[in-house]
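Peer 1: Sequence first, then the predicted structure:
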Amino acid sequence: DAGVIQSPRHEVTEMGQEVTLRCKPISGHNSLFWYRQTMMRGLELLIYFNNNVPIDDSGMPEDRFSAKMPNASFSTLKIQPSEPRDSAVYFCASRRVGTEAFFGQGTRLTVV
Amino acid sequence: QQQVKQSPQSLIVQKGGISIINCAYENTAFDYFPWYQQFPGKGPALLIAIRPDVSEKKEGRFTISFNKSAKQFSLHIMDSQPGDSATYFCAASKAGGTSYGKLTFGQGTILTVHP
């Protein structure tokens, strides 16, 4: 099993640009989560999907953030426009019922 | 409002010593308490987890102690090794239903084990 795959691993972008982070969950997992990690706020859940349907997006900071899951094997997290305060490591995680959440290696985003 | 408080923020232990990390939660609906271990450049990975129907769970050198009445739980690492140096996160969630994987994390503890 390849685990949860995130891309890119590192992203540097200028303020105001659109950023798209990608995630491929583990095959057979039906829940997918996006987390953000910063020194100040720790690990925060942004949004999660069950069976490709968004269940809870209360952690999404503001309208500049959006997430989609068009099928069971792919999800995106988009920031438009990006701001320096969005700089963080973004993790995707997936699980199936009865198992723990497995995390990807993360995308380190730097907005300059 | 932070629902899981973790302490200490950092911990230095000598090889062979005991590392203890504590967490307290507020939401009484939580009924599943995992600990995650994170190495630099990696995502968090499940280390050990407990449900509140038991007061202690042990897996090798790692033990979770759980106090439901105090709403506290802790991780004990016995015979700490330099390879245990990592960031440790406690977390809490509801064990069932659609929110099963919705983990609320503590702030993390950076553990350094000196040789």
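Peer 2: The structure has been received and is ready for your questions.
Peer 1: From now on I want contacts and neighbour counts done on CA atoms only, so please keep to that.
Peer 2: Will do.
Peer 1: and residue A:32, bridged to which residues?
Peer 2: residue A:49, residue A:94 (DSSP bridges).
Peer 1: Tell me which residue lies nearest the centroid of chain A.
Peer 2: Per CA atoms, centre = their mean, the C-alpha nearest to the average position across chain A is that of residue A:34, at 3.5 Å.
Peer 1: and that residue, what element?
Peer 2: Per DSSP states H and E, residue A:34 falls inside strand A:31-38.
Peer 1: next one: residue B:92
Peer 2: Assigned by DSSP H and E, residue B:92 falls within strand B:86-92.
Peer 1: That strand close to chain A?
Peer 2: No: Strand B:86-92 lies out of reach of chain A by CA under 8 Å from any CA of the partner chain, never closer than 9.0 Å.
Peer 1: mind checking the end-to-end distance for stretch A:4-23?
Peer 2: 7 Å (CA to CA, to the nearest Å).
Peer 1: Mind listing what's buried along that stretch?
Peer 2: Under the neighbour-count criterion of 16 or more other CA atoms under 10 Å in any protein chain shown, stretch A:4-23 has A:4, A:5, A:6, A:7, A:9, A:11, A:13, A:15, A:19, A:21, A:22, A:23 buried.
Peer 1: Name the surrounding residues that touch it.
Peer 2: With contacts defined as CA atoms under 8 Å, 6 or more residues apart in numbering or on different chains, stretch A:4-23 is touched by A:24-26, A:74-84, A:91-94, A:102-112.
Peer 1: again, but for stretch B:50-67
Peer 2: Stretch B:50-67 has contacts (CA under 8 Å, 6+ apart) with B:31-34, B:48-49, B:68, B:72-79.
Peer 1: same question, stretch B:85-93
Peer 2: B:4, B:6, B:23, B:25, B:30-40, B:99-113.
Peer 1: and chain A, which of these reach it?
Peer 2: B:101, B:102, B:103, B:104, B:105, B:106, B:107, B:108.
Peer 1: mind giving me TSV with those and columns for neighbour count?
Peer 2: TSV is the format used below for these (neighbours: other CA atoms under 10 Å in any protein chain shown):
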residue	neighbour count
B:101	27
B:102	20
B:103	22
B:104	21
B:105	26
B:106	26
B:107	27
B:108	26
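Peer 1: from the residues you listed, which ones fall inside strands?
Peer 2: B:104, B:105 (DSSP state E).
Peer 1: hang on, the earlier thing: dump the C-alpha coordinates for the strand holding residue B:92 into CSV.
Peer 2: Provided in CSV are the C-alpha atoms of strand B:86-92 (Å, rounded to 0.1, in the frame of the first residue of the first chain):
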residue,chain,number,x,y,z
ALA,B,86,9.8,13.2,18.0
THR,B,87,6.8,15.3,18.5
TYR,B,88,3.9,13.6,20.3
PHE,B,89,0.3,14.6,20.0
CYS,B,90,-2.6,13.5,22.1
ALA,B,91,-6.0,13.6,20.4
ALA,B,92,-9.6,13.0,21.1
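Peer 1: Run through the bridge partners of residue 109.
Peer 2: Since no chain was named, I'll use chain A. Here residue A:109, judged by DSSP bridges, has bridge partners residue A:11, residue A:88.
Peer 1: wrong one, I was asking about chain B
Peer 2: With DSSP bridges as the rule, residue B:109 is bridged to residue B:88.
Peer 1: residues in contact with it?
Peer 2: Counting by CA under 8 Å, 6+ apart, residue B:109 has contacts B:6, B:7, B:8, B:9, B:10, B:11, B:21, B:87, B:88, B:89.
Peer 1: Give me the buried entries from those.
Peer 2: B:6, B:7, B:11, B:21, B:87, B:88, B:89.
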